[in-house]
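Chemist: Structure for this input, please:
(chains A, B, C and D)
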There are 2 protein chains.
Amino acid sequence: MKDVAAVAGVSLSTVSRVVNGSPPVAPELAEKVGRAVEMLGYRHNHAAGTLRRANGLSHSLGLIFDDVGNPFFAAIHRGVEEVARTRGVVTFAGSSDSDPERERELTEGVLARRVDGLILVPTAYDYTHLVRDVAAGISIVFIDRPPRTIDADCVLSDNRAGARRAVEHLIAHGHRRIAYAGPAPNGLFTAAERFEGYRAALAAAGIGEEIVCFQDPGTLFDGDAPPTAVFSAQNLVTIDVLRMLHERGLQHRVAHVGFDDILLAGSVEPGLTVVAQDAIGLGRTAAELLFSRLDGYTGAGRREVLKTTLIERGSGELSA
Amino acid sequence: MKDVAAVAGVSLSTVSRVVNGSPPVAPELAEKVGRAVEMLGYRHNHAAGTLRRANGLSHSLGLIFDDVGNPFFAAIHRGVEEVARTRGVVTFAGSSDSDPERERELTEGVLARRVDGLILVPTAYDYTHLVRDVAAGISIVFIDRPPRTIDADCVLSDNRAGARRAVEHLIAHGHRRIAYAGPAPNGLFTAAERFEGYRAALAAAGIGEEIVCFQDPGTLFDGDAPPTAVFSAQNLVTIDVLRMLHERGLQHRVAHVGFDDILLAGSVEPGLTVVAQDAIGLGRTAAELLFSRLDGYTGAGRREVLKTTLIERGSGELSA
DNA sequence: CTGTTAGCGCTTTCAG
DNA sequence: CTGAAAGCGCTAACAG
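Modeler: Got it, this is the predicted structure:
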């Protein structure tokens, strides 16, 4: 930058002003600077500016997911980027692999790079270590799962209502023996919510019998009073159920609704009915919450809950 | 950091040494510093260090994809992260949306944040603007598509061999009327390569008739001598073909092999035979190439080509 | 509208 | 082994 100033025959401040587009600068000088920049191949060091700038903003965000390679989180990433892009903000992204220690390393890593905010899919229980960062002005929003031990913004899917809707759909098609296949509802927020939705739908319909399977869904059909419908509460479980149904030739006899949409869900036979989450919307909303804090909002943690959508494709409309 | 030094009763240099784990420091002092850090909630500013550090490394990388939300790129991201993680390097990621201008904005954005290297899925034709950055010491590796107008490392899938293998597989099952469904082979590197693989397989088998469809695959079966097998050269096209085959009830009569694996490919009926790319491996290899430059390699651009794998699931083994 | 100057938080010689 | 001092590239008063 010193060199640019020398070549253009102006001062550092002028170069800085031109580079940052600060208004009061004579067009002729601006152009001289521009030529010098071009000639020298000057690359602005935004990081150095952050050090000195009044507000200290780095115009970067840190995203911590379970796994950046998982399509669901990738879609969230995309949503965040869409709004970050409009503000010239770039995003770090990393995977905690559901390991609290790894999650902490990662957050400290991006915090050390002075991100302006953090969007995080929580894996750990304890986030008290972040309160000092919040106090120091960095914004945090939790996504997919609510925060624990810290007051912060968060954005969730309506897991319970979505699961309930799925099961009600099955009931509306005459089913009474409806199985839940999915992760055990201990620990993981989304699993617990979806299981509650399942139970609530049954209870509201006066169905006393819960058929739950937290393990291999194949066992569901080993007994002598098998279910006539299955609600699978999670992506990978849905795939397992689907494969199992096909292997046993039950795909046209046993109704099935899955939580979360999947590519190809419309190409299986029958088409797979799902309750879809708006992953991109989750990301967008999280980014908006975060930027509203950067823009000055300082109130208590807000909670946004996004609706899910039932997509009928055939498997959920099989009657009992 | 000044405060930490004051509280611990040592100099800034000592705090710096402790924080960075530089060897020669007395254990007692180190502990005093540690306590002060804890007490004050001190957060190291790695960005400021980068400014002053001898090698100027930021321990961050920039990844530019077509779309961070696309599962294929997400998997690449994951692969990069796996190796970056072992070195304490974090990753920026952004989407060019196949727009050269947007791609350029993004690369300049991360370059201004002083990343140590760039991994990029090229969208533009001209990368001469990056030669000065390479000269200035930043490492660039291209992925999925080779670089143009610049000498740089790159890592690709063997698109041509993979496509050829797919079509040979179809030929081995007795097919002679084999259609290509996919993007037109102009412009996009991967499309051109896959199309060449298709043609090469036919030529090697002495099959003169090419049946190509760059648009709606439905039209393939409107004529009076329809193909008995289809090779679909790309993810979304594969889904279209699959759906079309099911709609017309042809899924057990027309053989089908797709390029790129898809979740649920094992759950359709018949299972979808695919040629799978190793997306995570692509990412890993790119990161290794990049780090080898950071570690001192200064030779010419290298080209790594990763093999694809044929996964038989039924649809590709239907005979003519 | 432009230049001068101080200093962001850190690492690194160089002396002790 | 530890401290003092210089300065990375930049922005922000402030004075002209």
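
Chemist: excluding its backbone neighbours, what's nearest residue A:4?
Modeler: Nearest non-adjacent residue to residue A:4, counting by CB to CB, 6 or more residues apart in numbering or on different chains: residue A:36, 4.7 Å away. For every residue, glycine as well, the C-beta is placed using N, CA and C.

Chemist: Which helix or strand contains that neighbour?
Modeler: Using DSSP states H and E, residue A:36 sits within helix A:27-40.

Chemist: which is the next helix or strand following that helix?
Modeler: Next along the chain from helix A:27-40, counting by DSSP H and E, comes helix A:46-52.

Chemist: Look up how far residue A:117 lies from the residue in the stretch 151-300 of chain A positioned nearest to DNA strand C.
Modeler: Minimum separation of the stretch 151-300 of chain A from DNA strand C (CB to the nearest atom of the strand) falls at residue A:294, amounting to 18.5 Å. Distance, residue A:294 to residue A:117, by CB to CB, to the nearest Å: 7 Å.

Chemist: and the two? which has more neighbours close in?
Modeler: residue A:117 (28 against 18; other CB atoms under 10 Å in any protein chain shown).

Chemist: out of everything not next to it in sequence, what's closest to that one?
Modeler: residue A:139 is the one closest to residue A:117 (CB to CB, 6+ apart), at 4.0 Å.

Chemist: Repeat that for residue A:150.
Modeler: residue A:127 (4.1 Å).

Chemist: can you check residue A:96 too?
Modeler: Leaving aside its chain neighbours, residue A:96 sits nearest to residue A:103 (3.7 Å; criterion: CB to CB, 6+ apart).

Chemist: Surely that neighbour forms part of a helix?
Modeler: Yes - per DSSP: H, G, I helix; E, B strand; the rest coil, residue A:103 lies within a helix segment.

Chemist: Verify the contact between it and residue A:63 for me.
Modeler: No - in this structure, residue A:103 is not within contact of residue A:63 by CB atoms under 8 Å, at 11.9 Å.

Chemist: what separates residue A:100 from residue A:122, distance-wise?
Modeler: In terms of CB to CB, residue A:100 sits 9 Å off from residue A:122.

Chemist: With neighbour numbers in mind, choose between these two.
Modeler: A direct count of neighbours by other CB under 10 Å for residue A:100 and residue A:122 places residue A:122 higher, at 24 against 13.

Chemist: list the contacts for the more buried one?
Modeler: A:103, A:142, A:145-148 (CB atoms under 8 Å, 6 or more residues apart in numbering or on different chains).

Chemist: wait, does the helix or strand hosting residue A:108 make contact with DNA strand C?
Modeler: Residue A:108 is part of helix A:100-112 when elements are defined by DSSP H and E. No - legend: contact between helix A:100-112 and DNA strand C by CB under 7 Å from any atom of the strand is lacking; minimum distance shown is 8.3 Å.

Chemist: list the helices and strands that helix packs on?
Modeler: For helix A:100-112, the packing partners by 3 or more CB pairs under 8 Å, 6 or more residues apart in numbering or on different chains; DSSP states H and E come out as strand A:60-65, strand A:90-95, strand A:117-120, strand B:90-95.

Chemist: Tell me which stretches of the stretch 51-200 of chain A form helices.
Modeler: A:71-85, A:100-112, A:131-135, A:159-172, A:189-204 (DSSP state H, counting those that start in this stretch).

Chemist: Pull out the buried residues from the first one.
Modeler: Residues of helix A:71-85 classed as buried: A:71-81, A:83-85 (neighbour count, 16 or more other CB atoms under 10 Å in any protein chain shown).

Chemist: Run through who's touching it.
Modeler: A:61, A:63, A:65-68, A:90-91, A:93, A:119, A:121, A:143-144, A:235, A:260, A:263, A:277, A:279-288, A:291, B:67-71, B:73-74, B:77, B:93-95, B:263.

Chemist: residues touching the closest residue to DNA strand D within the stretch 151-300 of chain A, list them.
Modeler: Residue of the stretch 151-300 of chain A nearest DNA strand D, by CB to the nearest atom of the strand: residue A:294 (15.5 Å). Shown in contact with residue A:294 (CB under 8 Å, 6+ apart): A:57, A:116-117, A:139.

Chemist: Buried subset of those as a PyMOL selection?
Modeler: A single PyMOL command suffices to select whichever of the contacts of residue A:294 are buried according to 16+ other CB under 10 Å:
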select buried, chain A and resi 57+116+117+139
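
Chemist: give the contact list for residue A:154.
Modeler: A:141-143, A:145-147, A:301-304.

Chemist: Ignore what I typed, I meant residue A:301.
Modeler: A:147, A:151-154.

Chemist: Name the residues of chain A found near DNA strand C, please.
Modeler: A:9-14, A:17, A:23-26, A:28-29, A:48, A:51-52.

Chemist: any idea which of these is the one closest to residue A:230?
Modeler: Comparing the residues of chain A next to DNA strand C against residue A:230 with CB to CB places residue A:51 closest, at 56.9 Å.

Chemist: nearest spatial neighbour of that closest one, skipping sequence neighbours?
Modeler: residue B:48 (5.5 Å).

Chemist: Those residues of the stretch 51-200 of chain A touching DNA strand D, which are they?
Modeler: A:51-55.

Chemist: Most neighbours of all those residues, which one?
Modeler: residue A:51 (15 neighbours).

Chemist: correct me, but that residue touches residue B:46?
Modeler: No - Residue A:51 is beyond contact range of residue B:46, at 11.5 Å (criterion: CB under 8 Å).

Chemist: list residues touching both of these two?
Modeler: By CB under 8 Å, 6+ apart, no residue touches both residue A:51 and residue B:46.

Chemist: Contacts only, for residue A:121.
Modeler: Here residue A:121 is in contact with A:64-66, A:73, A:76, A:96, A:142-145 (CB under 8 Å, 6+ apart).

Chemist: go again using 10 Å as the cut-off
Modeler: A:63-67, A:70, A:72-73, A:76, A:95-96, A:98, A:103, A:142-145, A:282, A:286 (CB atoms under 10 Å, 6 or more residues apart in numbering or on different chains).

Chemist: Quick one: low-confidence residue ranges for chain A.
Modeler: Where chain A drops to pLDDT under 70, the residues are A:23.

Chemist: Would you point out which residue is most central in it?
Modeler: The C-alpha lying nearest the average C-alpha coordinate of chain A belongs to residue A:76 (CA atoms, centre = their mean; 4.0 Å).

Chemist: which residue does the stretch 201-320 of chain A bring closest to chain B?
Modeler: residue A:264 (4.0 Å; CB to the nearest CB).

Chemist: SS state for that residue?
Modeler: Relying on three-state DSSP, one would call residue A:264 coil.

Chemist: circling back: residues shared between the contacts of residue A:103 and residue A:63?
Modeler: By CB under 10 Å, 6+ apart, the residues touching both residue A:103 and residue A:63 are A:94-95, A:120-121.

Chemist: got a winner among those residues for most neighbours?
Modeler: That'd be residue A:120 among the shared contacts of residue A:103 and residue A:63, by other CB under 10 Å, with 28 neighbours.

Chemist: Would you check that that one makes contact with residue A:145?
Modeler: Yes - contact status for residue A:120 versus residue A:145: in contact at 9.3 Å, counting by CB atoms under 10 Å.

Chemist: do you know which of the helices of the stretch 51-200 of chain A lies nearest residue B:218?
Modeler: Across the helices of the stretch 51-200 of chain A, closest to residue B:218 is helix A:71-85 (CB to CB), at 27.0 Å.
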